[in-house]
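Asks: attaching a predicted model along with its sequence, questions to come.
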Amino acid sequence: MIYERLESLSLKTPLSSVEHEEVLKWIRKYMFIGGMPAAVQAYLESGSLLESQKVHHRILQAYHSDFGKYASHGQHKYLQMIFQRAPSLVGQVLKYSHIDTESRSRDLKPALLLLTQAGLLNQIFATTASGLPLHAHIREHRFKLMFLDIGLLQTACQVNAQSFFEKEILQINNGMLAEQFVSQELLTEQPSYQNRPLLFWEGETGGQSEVDFVQNIQSEIIPIEVKAGSTGFLRSLQSFLKQKKSPLGVRISEQNLVFNHPILSVPLYLTHALERLYISINS
């Protein structure tokens with residue numbers, strides 16, 4: 001089975017180029033269908049992406065309808081506003097003016113908190129990554145938003161199935177979709193009892209240097225960049241490695257598994273295996 005094959009992969013035994021391209025096709029399909037059980041079931045029964053998208057629409061509408069049950073009239077307005085705007089803001093450092101120029105941040109913040117507590121949105125906080133534990137160095141006023149589910153995100157953004165499958169994954173919405181995918185994979189690997197947000201890194205120059213994710217792996221601070229292209233253009237990742245003296249940087253892309261010290265290139269479908277791959281390098 002392909003799952004067993006993926007779980008046994010190592011730097012010495014990556015997938016062949018043919019296998020690699022085939023698994024990327026499945027990843028692309030997952031990115032459109034997502035992981036909501038009803039949407040997956042609709043696709044399995046019909047073989048139609050359109051049917052899974054119809055389920056997405058029903059789920060999104062159900063969320064909108066439920067807002068009125070759990071919030072006051074005033075809060076309901078802001079819940080709707082944030083939930084509608086959030087898909088277009090995924091992967092960006094949030095500015096409340098991007099949600100609505102006429103609303104005050106003090107009105108939007110409680111609504112955003114409700115949506116994150118409900119699990120409909122996730123926040124990825126900036127960290128200075130000045131040491132362990134990483135969460136002791138959070139900059140709480142600087143965060144990005146991620147959506148509940150990558151399939152729902154596609155439908156909320158009104159992505160057309162045909163145009164989606166004609167483009168490279170990492171070029172869709174300026175890489176926003178790949179960041180959403182990686183965030184879901186990283187969250188899945190975290191123990192549920194920890195309930196800690198994901199983190200990203202900004203350099204002291206106010207966002208000119210930015211690494212998409214930062215993780216503590218085996219007591220080391222590891223930067224993770226979601227990128228296309230060669231390692232020679234990973235300026236922010238290289239900057240982090242130099243400043244923080246991290247032993248390894250990770251690039252997640254559509255490229256196959258390879259290690260060119262100090263950059264470990266990991267294909268999207270092995271995002272969940274970062275710790276295992278890191279251990280194999282250092283064993």
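Replies: Thanks, I have it.
Asks: run through the strands of this protein in chain order.
Replies: For the chain, the strands defined by DSSP state E occupy 121-127, 138-147, 198-202, 210-211, 213-217, 220-226, 249-253, 258-260, 263-267.
Asks: need the contact partners of the longest one.
Replies: Which is strand 138-147. 86-87, 89-94, 120-128, 153, 156, 179-180, 183-184, 197-200, 202 (C-beta atoms under 8 Å, 6 or more residues apart in numbering). Glycine gets a C-beta too; all of them are placed from N, C-alpha and C.
Asks: re earlier: quick one: which of the strands of the chain is nearest Ser105?
Replies: Closest to Ser105 of the strands of the chain is strand 138-147 (C-beta to C-beta; 10.0 Å).
Asks: if we can go back for a sec, want to throw the strands of the chain into TSV with mean pLDDT?
Replies: Shown next, in TSV, are the strands of the chain (pLDDT from 0 to 100):
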stretch	mean pLDDT
strand 121-127	96
strand 138-147	94
strand 198-202	95
strand 210-211	94
strand 213-217	95
strand 220-226	95
strand 249-253	95
strand 258-260	95
strand 263-267	95
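Asks: burial count for the residue nearest to Ser48 when sequence neighbours are not counted?
Replies: Residue nearest to Ser48 in three dimensions, not counting chain neighbours: Ala42, with 7.7 Å by C-beta to C-beta, 6 or more residues apart in numbering. For Ala42, the neighbour count with other C-beta atoms under 10 Å is 22.
Asks: please look at Ala42 and His56 and confirm they touch.
Replies: No - if you go by C-beta atoms under 8 Å, Ala42 and His56 don't touch, sitting 9.3 Å apart.
Asks: endpoints of stretch 119-138, how far apart?
Replies: End-to-end distance for stretch 119-138, by C-alpha to C-alpha, to the nearest Å: 20 Å.
Asks: quick one: that stretch to chain centroid distance?
Replies: In this view, stretch 119-138 has its centroid 14 Å away from the chain centroid, taken as C-alpha atoms, centre = their mean, to the nearest Å.
Asks: okay, buried residues for that stretch please.
Replies: By neighbour count on 16 or more other C-beta atoms under 10 Å, the buried set for stretch 119-138 is 120-129, 134, 137-138.
Asks: I'd like the strands of the chain as JSON lines, with distance to Leu9 appended.
Replies: Formatted as JSON lines, the strands of the chain follow (distance: least, C-beta to C-beta, whole Å):
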{"stretch": "strand 121-127", "distance to Leu9": "27"}
{"stretch": "strand 138-147", "distance to Leu9": "26"}
{"stretch": "strand 198-202", "distance to Leu9": "24"}
{"stretch": "strand 210-211", "distance to Leu9": "25"}
{"stretch": "strand 213-217", "distance to Leu9": "17"}
{"stretch": "strand 220-226", "distance to Leu9": "18"}
{"stretch": "strand 249-253", "distance to Leu9": "15"}
{"stretch": "strand 258-260", "distance to Leu9": "12"}
{"stretch": "strand 263-267", "distance to Leu9": "9"}
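Asks: out of those, which comes closest to Ser52?
Replies: Set against Ser52 and scored by C-beta to C-beta, those come closest in strand 138-147, at 16.0 Å.
Asks: distance-wise, check the residue nearest to Ser48 relative to Trp26.
Replies: Using C-beta to C-beta, to the nearest Å, Ala42 is found at 17 Å from Trp26.
Asks: ok, Leu89 touching Asp100?
Replies: No - Leu89 is beyond contact range of Asp100, at 11.6 Å (criterion: C-beta under 8 Å).
Asks: the more surrounded of the two?
Replies: Each of Leu89 and Asp100 has its neighbours counted (other C-beta under 10 Å); Leu89 has more, 19 against 15.
Asks: report the helix or strand with the lowest average pLDDT across this structure.
Replies: helix 161-165 (a mean of 73; mean pLDDT, DSSP states H and E).
Asks: how about low-confidence regions in the stretch 101-250 of the chain?
Replies: Per-residue confidence for the stretch 101-250 of the chain (pLDDT under 70) gives these ranges: 166-174, 193, 205-207, 228-232.
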